[in-house]
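Enquirer: this one's sequence-less:
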C-alpha cells in the first residue's frame, strides 16, 4: 500500500507540469490582456508601455520559464485585476466552493441510494420507469437552466428561499440542489444497474430459495456488494461536482472558485485563471487518488503493486 | 466488512465536520434579510464586483460608483454636469500651466487625520509618475504639485491643459491619506481603505459584497438616512432581477429590456432610467480598397439606417437617437446634432448609384454580444436596414476580448459596432477618435481640417473658443461619416418603491442622494 501511494503521488508531478504548460499556452494564445485593462480610448503607445512593464512583450518560452520558476516557489503571479497575489485569492474562495460541493454530494447520495435500490428491486414496474426516467431527465437538465427555474419557483413565486448569495443554511439549499441533481441522477442509474446485475446472480437466487426474507437479501447481500462501485463512482463524481460549481456559482452569485474563474476568464486575468485551474486540477487528482485507494481497500482481490 | 463500516463512519464524520464548519462561515454575513419599513439597510445589486480599492489602478465605472461614497475629488460635477469645487475651497490660475488651490478646512479622513496639501501631492504625483497604473495615461499631463502651506498647493502641468478640472473630477482623482498609507503600508490600505467621503468602509468579501456605514465626522455633516449600505455582486441578470422582485435588494443595476415589464408589473418595484454618457456607433473602414473608403458610401449607409426604429424596437424606447457622440452635459456638445437622425432611403440609393454601387455590395459588421444593451439585436437590425440599398451585411459576433484584439490588430473589416463613453465629460476625448494618426491601420480616416482643430483645441485655455473648435469637429464628422452614430444608451435600474433613487448620467450610485420614501 505504501509503495502504491508513493507511486501515485509521484505521478502527480508530471501531470501538474503538463497542466501548467497547457494552461499557460492557452492563456498565452488567448492574447494580450492589456487592451482590456486600459480605457476604450487608450493610445497604442499606452498599450505598448503597459505591455512592456508587465513583461508581456517577451517570447513565449521566456515567459513560461519565468512562470515555472515562480510556480516552484509557490508563486502564481499577480492578478492584473486585483493587483494582489493570485494564490491566496483562490484559496480564500476554496471554502465556499467546498461547502457547496459537499452539501451537493450529501444531497445526491441521500437521494440516489434509496432511489437506486428501490428502482432495482421494482425493476420494470411503472415506478421504476418513473425513477429511471427521472434520472435521465435529471442528468439532461443543464445546471444553468435548472438553477434559474428553481429561483423562479421557490424564491420569486413561493417566496420560501433567498434568491442568491451566501449566508444562512437557506442560501445553501437551492444551489446545492441544482448541483446535486445531475450527480444524483448518475449515481441512481449506476446503482440501479449494478443492483440488478447482482440480484440476478446465482447466490442471490440461492439465498432467496433458502427462504431468507427479501429485504434482508437486498440489503445484506446485494447492496453490500454494489457498494464498491458505488463508492468509486461517488468519489469520481465529486470531481465533476467541482466543475459543476462553475455555472451554479454564477447563477446564485455564490462567492466561490467557479465565480472567480469565470470572471477571471472574462477579464483575461491570467494569474487567477492559472491558479484556479491548478487548484481545481489538484482537487480532481486527489479525488481520483481517493477513489483508487478506496477501491483497493474495499476489494481485497486487488493487489497493491 | 468491518473495514467498510469503519470507512463509511470516517467519511460521515468528515462530512459532518465540514458541515459544522460551514455554519460558522455562514454566520459571518447573515442579514441579507427581507426589506421592511423600519429597515435602515440599503442594498444595491451590482453586476460586477468592485475591482480594487486602488483608485489609480482600475478603469471601471461600476467600481467608481461604489468608491464615490467613500472618497472625495478636488472638484465634482453637479447635477447639471457643471464642474464645482468639492474638497477645494478656492482656486486661481497663476499662469497657463499652474493652478493654485486651497482646501476646505475641517475635512478629515475616516481615521480622524486632517486632509492637507501633502495628501494631494502624494495622490496626484503617484498617478502622474507611475506608468504601470491603469489611470496613468489620464494624469501624466500633471508635472508636479507644489505645496504652499498646509491647505494651499499648486498643480503644475507639463503644458497648457484645458481639461485639468475634468481630470480632477473623475475616477483616479480621489484623494488618498498619505500618512496612513506610509505608516500602515499599501497592502493594509487596500484591505482597510479610508477616504474623506460620507461613508466609511466596513467589509469587502470579494465577488460577494462591499459594506459601508456612515462617517459621523463627514465635513458636510453626517449622512444618516441609512445605517448600513451593502453593495452586493450578482453577475447573472435574471438572478439580479429575481432578487429585486423578492425584496432581497433595493436597487438592481442593468436590468435588461426583456425584464422591464416584469419589474414594472410587480407590486413594489419599478424601473428608473437615465441617459448614460455612452453612445453606440458603427466605426467604418476608410482604408483604400473598402467600399466604405468612399465618403458617399458612408453617407448612404448612414441615411439607410433608421436610428429611431432601433431605439424603439431593440431598446423599447430606452435610448436617444443622435448624430454626435458628444451629448449634452459634456463640454463642447453640438446640441443640434443630438436627439435627431438622418433617414432617407431614396437619397441613400442615389448616393450609392453615384459612388458606383447601384447593386450594392457585401460587407462585414463585427459586433460584440452581451457587452452593451441589446448589442446583438442592434447589429441584426442594422444589417436588415442596409438591405434596402442592396448592401448584404454579414454580422460577425465576437466575444469581447477577441473583439478588443481584432481592433488592436487592425483586422477589422468594413464596420464594427461599439459603444463609447466619456469619463472626462469633455468632448475633446470623444472627437479625438477622428485624429488621423491615431487609427492608422485600423480605420485609416484622415481629415486635415479636423487634425488642425484637434491640435489647436488641445492647448486652448479659452473655454468658449475651445468649445467652438470641438463643435466644429462634430459638424465636419457629421458630413464625412467616418463613424455612423446610432443612439445614446440609457442606464436602467430596477428600484424598490421604499427607496427614492434618481439615476445619474455618469452611472454613479451616490448614497447620500438616495432616500427612504
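Expert: Received the coordinates, thanks. Note that the structure is predicted; figures quoted are calculated from it, not measured.

Enquirer: So, low pLDDT: which residues of the stretch 401-517 of chain B?
Expert: For the stretch 401-517 of chain B, no stretch has pLDDT under 70.

Enquirer: Can you give me the buried ones in stretch B:321-341?
Expert: Burial within stretch B:321-341, assessed by neighbour count using 16 or more other CB atoms under 10 Å in any protein chain shown, is assigned to B:321-334, B:337-338, B:341. No exception for glycine: its C-beta is placed from N, CA and C like everyone else's.

Enquirer: repeat for stretch B:78-88
Expert: For stretch B:78-88, burial by neighbour count (16+ other CB under 10 Å) applies to B:81, B:83, B:85, B:86, B:87, B:88.

Enquirer: Tabulate these (CSV), appending secondary structure, distance to chain A and pLDDT.
Expert: Below are those laid out as CSV (DSSP: H, G, I helix; E, B strand; the rest coil; distance: CB to the nearest CB, whole Å; pLDDT from 0 to 100):
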residue, secondary structure, distance to chain A, pLDDT
B:81, coil, 19, 84
B:83, strand, 20, 92
B:85, strand, 26, 95
B:86, coil, 23, 95
B:87, coil, 24, 96
B:88, strand, 25, 96
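
Enquirer: So of these, which two are at opposite extremes in space?
Expert: Maximum pairwise distance among the buried residues of stretch B:78-88 (CB to CB): 18.9 Å, between B:81 and B:87.

Enquirer: Residue nearest the middle of the chain, spatially speaking?
Expert: Chain wasn't specified; assuming chain A. For chain A, the residue nearest the mean C-alpha position is residue A:242 (2.1 Å; CA atoms, centre = their mean).

Enquirer: wrong chain, I was asking about chain B
Expert: residue B:61 (3.9 Å).

Enquirer: How about the contacts made by the nearest residue to that residue once chain neighbours are set aside?
Expert: Distance criterion CB to CB, 6 or more residues apart in numbering or on different chains; nearest residue to residue B:61, sequence neighbours excluded, is residue B:507 at 5.2 Å. By CB atoms under 8 Å, 6 or more residues apart in numbering or on different chains, residue B:507 lies in contact with B:61, B:62, B:65, B:276, B:277, B:491.

Enquirer: do that again at 7 Å, thanks
Expert: If you count contacts by CB atoms under 7 Å, 6 or more residues apart in numbering or on different chains, residue B:507 has them with B:61, B:65, B:276, B:491.

Enquirer: From those residues, which land in strands?
Expert: In strands, judged by DSSP state E, the following of these are found: B:276, B:491.

Enquirer: my hunch is that residue B:212 is in a strand, does that hold up?
Expert: Yes: applying DSSP: H, G, I helix; E, B strand; the rest coil, one finds residue B:212 inside a strand.

Enquirer: That one against residue B:200, yeah?
Expert: Yes: between residue B:212 and residue B:200 a contact is recorded at 6.3 Å, counting by CB atoms under 7 Å.

Enquirer: what do those two both touch?
Expert: Listed as contacting both residue B:212 and residue B:200 by CB under 7 Å, 6+ apart are residue B:70.

Enquirer: What's the nearest residue in chain A when you look at chain B?
Expert: Nearest residue of chain A to chain B, counting by CB to the nearest CB: residue A:255, 3.8 Å away.

Enquirer: Let me see the contact set for that residue.
Expert: By CB under 7 Å, 6+ apart, residue A:255 lies in contact with A:93, A:96, A:166, B:205, B:206, B:207, B:208.

Enquirer: ok, the second one to residue A:252 distance?
Expert: Distance of residue A:96 to residue A:252, computed by CB to CB, to the nearest Å: 11 Å.

Enquirer: Repeat that for the fifth one.
Expert: Here the criterion is CB to CB. By it, residue B:206 lies 16 Å from residue A:252.

Enquirer: Of these two, give the one with the bigger neighbour count.
Expert: Each of residue B:206 and residue A:252 has its neighbours counted (other CB atoms under 10 Å in any protein chain shown); residue A:252 has more, 31 against 17.

Enquirer: Next up, identify which helix or strand the residue lying closest to that one once chain neighbours are set aside is on.
Expert: What sits nearest to residue A:252 in space, not counting adjacent residues and going by CB to CB, 6+ apart, is residue A:175, at 4.2 Å. Element membership of residue A:175 [criterion: DSSP states H and E] is helix A:169-199.

Enquirer: can you check residue B:127 too?
Expert: Applying DSSP H and E as the criterion places residue B:127 in helix B:117-129.

Enquirer: List the first helix or strand encountered after that helix toward the C-terminus.
Expert: Toward the C-terminus, helix B:117-129 is succeeded by strand B:142-147 as the next helix or strand (DSSP H and E).

Enquirer: That following strand vs helix B:117-129, what angle?
Expert: Strand B:142-147 and helix B:117-129 are oriented at 170 degrees to each other (axes from the mean of the first three to the mean of the last three CA atoms, to 10 degrees).
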